[in-house]
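Q: mind looking at a prediction? Sequence and model below.
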Amino acid sequence: MKKLKLLSLLVLTLFLNTACDEEDEQTILDFGISDPQAVSEYMNANLILPSSAFTINPEDVEIDNSVQINSFGNDVVPISGGQTMDNNISFSASNGNVDGVGMRFGTSGPIYFVPINTNGSNSGVGSFQFSLPAEICNNLSKICHDIKCYEFAKTSAGNISQANIRDVAMLCGNCNEPSCQEFVDPSDCYPPGTAYGSFNSSISGNQSGFAACSGGTVGVVSDTWTLSIVNVGSSGSFSIDADYYDGCSSCAAIQITDDNGTAYIAVSGSASWSGNTFSFNVSVKDIDSYANNTGSSYNLNGSVSCN
């Protein structure tokens, strides 16, 4: 009976697979730039800054160690093409001589500065907006690139500070690209009104993909995993167990299956609807371990937006 129930859960993947075909086809060939320094140089060449911006070759000026750039934190900053961002550069200068702040992606090349008026202050924040063209990723590899952004201050004498280095991620990959999992909100990866879902466990990692929701059945297909959910209606809260696999055809069940056909079924946990979003937090075991009452269980959590 358990085997028959397992197969019936997997039937719903048949109408989900076609939703991923186009995305999979687009990621087969990828000849874009991937070397981090080459990506940085390409980003610099396409940087859009205020009209007052100018460049300085760091090899032509001296370092003024009396000027310090203060970091705002160690978080990785995600950058997308077509997105206007604020760069806020905090500085301290004992001589009150800062008159510009600037940035550069990568370790070499000219620095792009924007003039600021500090009124002789010994400390402050220089701010300016920047962006990259919406089509910036057309010539870059379809991943989320790990890039360093170097921030500087300039003095009225024409010298520059030591750099403050920030980690940025140039977002050129899709939801299922491993390098993008930390930065991409799945809701940003699908057209408005599209059903999508995401789930995470130590066995599957972070996964997301197109979804289908109909008559209490919910499914999500990523590149390598399938999430299958049955008998959950369209509202309310549920206690999740493995009774479905023991013959309870009306019981709620949650299962993930990898592309080799190995299935992990929920043996305990909870799930609920909030509007059109179904969320769950369960413990799963592989089907053989459950049948033989052996093996370890793993946490599985996620949500599906049934738009």
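A: Yep, that arrived.

Q: count of residues packed around residue 208?
A: By other CB atoms under 10 Å, 29 other residues sit near residue 208. From N, CA and C alone the C-beta is placed, and that goes for glycine too.

Q: quick one: strands adjacent to the helix or strand containing it?
A: Secondary structure assignment for residue 208, by DSSP states H and E: strand 205-214. Counting by DSSP bridges, the strands paired with strand 205-214 are strand 196-201 (antiparallel), strand 217-221 (antiparallel).

Q: just for the chain, where's the confidence low?
A: 1-31, 175-176, 184-192 (pLDDT under 70).

Q: quick one, helices of it?
A: 2-10, 17-26, 36-45, 287-292 (DSSP state H).

Q: hmm, back to that, turn the strands paired with strand 205-214 into JSON lines, columns for mean neighbour count and distance to residue 133.
A: Below are those laid out as JSON lines (neighbours: other CB atoms under 10 Å; distance: least, CB to CB, whole Å):
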{"stretch": "strand 196-201", "mean neighbour count": "22", "distance to residue 133": "27"}
{"stretch": "strand 217-221", "mean neighbour count": "24", "distance to residue 133": "32"}
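
Q: format those strands as CSV; extra columns: distance to residue 257.
A: Shown next, in CSV, are these (distance: least, CB to CB, whole Å):
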stretch, distance to residue 257
strand 196-201, 12
strand 217-221, 10
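
Q: tell me how far residue 291 lies from residue 249.
A: Distance of residue 291 to residue 249, computed by CB to CB, to the nearest Å: 18 Å.

Q: if we ignore the residues flanking it in sequence, what's nearest residue 102?
A: Nearest residue to residue 102 in three dimensions, chain neighbours excluded: residue 113, at 3.5 Å (CB to CB, 6 or more residues apart in numbering).

Q: likewise for residue 253?
A: With sequence-adjacent residues excluded and distances taken as CB to CB, 6+ apart, residue 253 is closest to residue 244, at 3.6 Å.

Q: residues contacting the one you found?
A: 5, 230, 231, 251, 252, 253 (CB atoms under 8 Å, 6 or more residues apart in numbering).

Q: mind putting those residues in a markdown table, neighbour count and distance to residue 180 included?
A: Output for the contacts of residue 244, formatted as a markdown table (neighbours: other CB atoms under 10 Å; distance: CB to CB, whole Å):
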| residue | neighbour count | distance to residue 180 |
| --- | --- | --- |
| 5 | 21 | 35 |
| 230 | 21 | 30 |
| 231 | 16 | 33 |
| 251 | 18 | 36 |
| 252 | 21 | 32 |
| 253 | 24 | 30 |
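
Q: widest-spaced pair of these?
A: 5 and 252 (12.6 Å; CB to CB).

Q: my read: residue 96 touches residue 155, true?
A: No - Residue 96 sits out of contact with residue 155 when judged by CB atoms under 8 Å, with a separation of 9.7 Å.

Q: could you give me the buried positions within stretch 64-75?
A: If you call a residue buried by 16 or more other CB atoms under 10 Å, then stretch 64-75 has these buried ones: 64, 67, 68, 69.

Q: please read the previous query as pertaining to stretch 292-307.
A: Buried residues in stretch 292-307 (16+ other CB under 10 Å): 297, 298, 300, 302, 303, 304, 305, 306.

Q: closest to residue 196 out of these?
A: Distances from residue 196 to the buried residues of stretch 292-307, taken by CB to CB, are shortest for residue 305, at 5.8 Å.

Q: and the gap between that closest one and residue 277?
A: 5 Å.

Q: over to residue 91?
A: 44 Å.

Q: residues contacting the nearest residue to residue 300 once chain neighbours are set aside?
A: Once flanking residues are discounted, residue 300 sits nearest to residue 201: 4.2 Å by CB to CB, 6+ apart. Contact analysis of residue 201 by CB under 8 Å, 6+ apart lists 256, 264, 284, 298, 299, 300, 301.

Q: run the last query once more with 7 Å
A: Residues in contact with residue 201 (CB atoms under 7 Å, 6 or more residues apart in numbering) are 284, 298, 299, 300.

Q: pretty sure the third one sits against residue 285.
A: Spelled out, it's residue 299. No - using CB atoms under 7 Å as the test, residue 299 is too far from residue 285 to be in contact (11.4 Å).
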